[in-house]
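> Give the three-dimensional model of this entry:
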Amino acid sequence: MALIYTIPRGSLQSELMSLDYDSALISAEYFDAGGLPVTPTVAATLTYRKLPGSPIVGVAQQQAGIWQIEGPVLQVFVSLTGTGATTAKITIWRSDNAGSGVPDGAFVGLRAMTFQNYIEANAKLGVQYEVASNTPALGVGANIDTIFITGANPVVVKSRIVKFNGGSLLTRVFTGATYTGGSPVTYFNLNDRNPVAGTVTIISGATVTGTGAEFGAPTYDIGSTDIGNSSISTFSTFGIERILKPNTIYLQRITNDSAAVQRVSGYLTWYDGSTDLPIRAS
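Predicted structure coming up:
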């Protein structure tokens with residue numbers, strides 16, 4: 001499959017696509033008004049325009065949530081009437097081969113296929129986000145408490161990095177925390193072309209009234225002493241995903257358990273949306 005286009009949630013038609021391909025394989029994910037995945041009562045109605053000026057024609061569903069079109073495709077249109085869904089995400093795979101859309105020889109080592117990781121795909125779809133923090137002087141025994149509140153979507157934490165210049169640091173994550181006060185933290189979308197508004201709320205400076213239940217193993221990080229008795233260390237959970245429930249309050253607590261004041265900085269990136277791939281039975 002040579003090229004992928006996406007109709008993001010909230011839109012019902014694709015951009016104008018290249019005519020240099022001979023087939024299209026199309027899949028649908030359906031969502032309710034709150035952004036949660038739903039099973040449609042009937043399939044969406046899919047139509048397309050083959051060439052500039054040509055009429056819009058329908059295409060039959062090949063199997064649950066999957067359509068296939070032979071020949072060039074300029075633009076795809078979707079109707080959710082009768083599906084019971086409020087929005088849908090439509091993914092369109094294009095190929096320069098007719099039929100299945102998979103190049104001959106792809107599965108016997110005679111044709112290269114290109115893949116990308118989730119973060120790359122999420123960023124292109126406008127649903128990957130990031131936030132950073134810096135605490136210049138964290139006192140001995142003091143905490144940095146960050147409240148992370150999920151919205152209507154599940155959230156997949158893709159990478160968490162903490163840097164510090166002291167002897168040791170303890171990081172713990174809790175679910176079901178309670179708090180008062182605090183201020184919202186601005187976070188950023190990795191896509192400035194077609195960003196999707198995130199459903200997450202982040203609060204700093206809150207007073208934690210209850211930590212809730214610990215979620216995941218605590219991270220015990222030990223600094224390394226260098227010339228001049230300076231210490232610096234980093235921990236990272238890159239490559240280990242942490243999946244968060246919708247509409248839930250989480251707490252990340254970083255504690256300075258060393259014997260001296262230290263500087264602490266952090267970075268977090270996450271995906272906001274359905275945790276399934278587009279190709280599946282609806």
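
> and after the lowest-mean-pLDDT helix or strand in the chain, which helix or strand comes next?
When the helices and strands of the chain are scored by mean pLDDT, DSSP states H and E, strand 231-236 comes last with a mean of 60. Following strand 231-236 in sequence order, the next helix or strand is strand 242-244 (DSSP states H and E).

> Could you say which helix or strand holds Gln68?
Per DSSP H and E: strand 66-70 holds Gln68.

> which residues touch the helix or strand following that strand?
The helix or strand immediately downstream of strand 66-70 is strand 75-79, counting by DSSP H and E. By Cβ atoms under 8 Å, 6 or more residues apart in numbering, the residues outside strand 75-79 that reach it are 5, 7, 12-17, 24, 26, 28, 44-49, 56, 88, 90, 92. The way it works is simple: take the backbone N, C-alpha and C, and place the C-beta from them, glycine included.

> Please spell out which residues along strand 75-79 are buried.
Neighbour-count burial for strand 75-79 flags 75-78 (criterion: 16 or more other Cβ atoms under 10 Å).

> For Thr201, state which of those is nearest.
Val78 (30.6 Å; Cβ to Cβ).

> how near is the closest one to Lys89?
10 Å (Cβ to Cβ, to the nearest Å).

> Break the protein down into its domains, please.
For the chain, the structural domains run 3-115, 125-272, going by automatic domain parsing.

> looking at these, which one has the lowest mean pLDDT?
Per-stretch mean pLDDT for the domains of the chain is lowest at domain 3-115 (a mean of 82).

> Pull the distance from that one to the chain's centre.
The chain centroid and the centroid of domain 3-115 are separated by 21 Å under Cα atoms, centre = their mean, to the nearest Å.

> still on that earlier bit, mind listing the shared neighbours of Val78 and Lys89?
7, 28.

> quick one, the strand holding Gln68 and strand 75-79 angle?
Strand 66-70 and strand 75-79 meet at an angle of 150 degrees, taking axes from the mean of the first three to the mean of the last three Cα atoms, to 10 degrees as the criterion.

> Please name every helix or strand in contact with strand 66-70.
If you count contacts as 3 or more Cβ pairs under 8 Å, 6 or more residues apart in numbering; DSSP states H and E, strand 66-70 packs onto strand 23-31.

> can I get the CA coordinates of the strand it packs on in PDB?
Coordinates of each C-alpha in strand 23-31 appear next as PDB, following Å, rounded to 0.1, in the frame of the first residue of the first chain:
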ATOM      1  CA  SER A  23      -7.100   1.100  -6.000                       C
ATOM      2  CA  ALA A  24      -8.300   2.200  -2.600                       C
ATOM      3  CA  LEU A  25      -9.100   0.300   0.600                       C
ATOM      4  CA  ILE A  26     -11.200   2.200   3.100                       C
ATOM      5  CA  SER A  27     -12.000   1.500   6.700                       C
ATOM      6  CA  ALA A  28     -14.200   3.300   9.300                       C
ATOM      7  CA  GLU A  29     -14.100   3.800  13.100                       C
ATOM      8  CA  TYR A  30     -17.300   5.100  14.600                       C
ATOM      9  CA  PHE A  31     -17.700   7.300  17.700                       C
END
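
> Return the list of helices and strands in contact with it.
Using 3+ Cβ pairs under 8 Å, 6+ apart: strand 23-31 touches strand 66-70, strand 75-79, strand 87-95.

> Tell me which of those is the most buried.
Compared across the helices and strands packed on strand 23-31, strand 87-95 shows the largest average neighbour count, a mean of 21 (mean count of other Cβ atoms under 10 Å).

> contact partners of it?
1-10, 14, 17-18, 21-31, 35, 44, 73, 76, 78, 80, 101-103, 274, 278-279.

> Selecting buried members of these in ChimeraX, what would you type?
Remark: buried members of the contacts of strand 87-95, expressed as a ChimeraX selection using 16+ other Cβ under 10 Å:
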select :1,2,5,6,7,8,9,14,17,21,22,23,24,25,26,27,28,29,30,31,35,44,73,76,78,80,101,102,103,274,278
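
> No further queries at this time; thank you.
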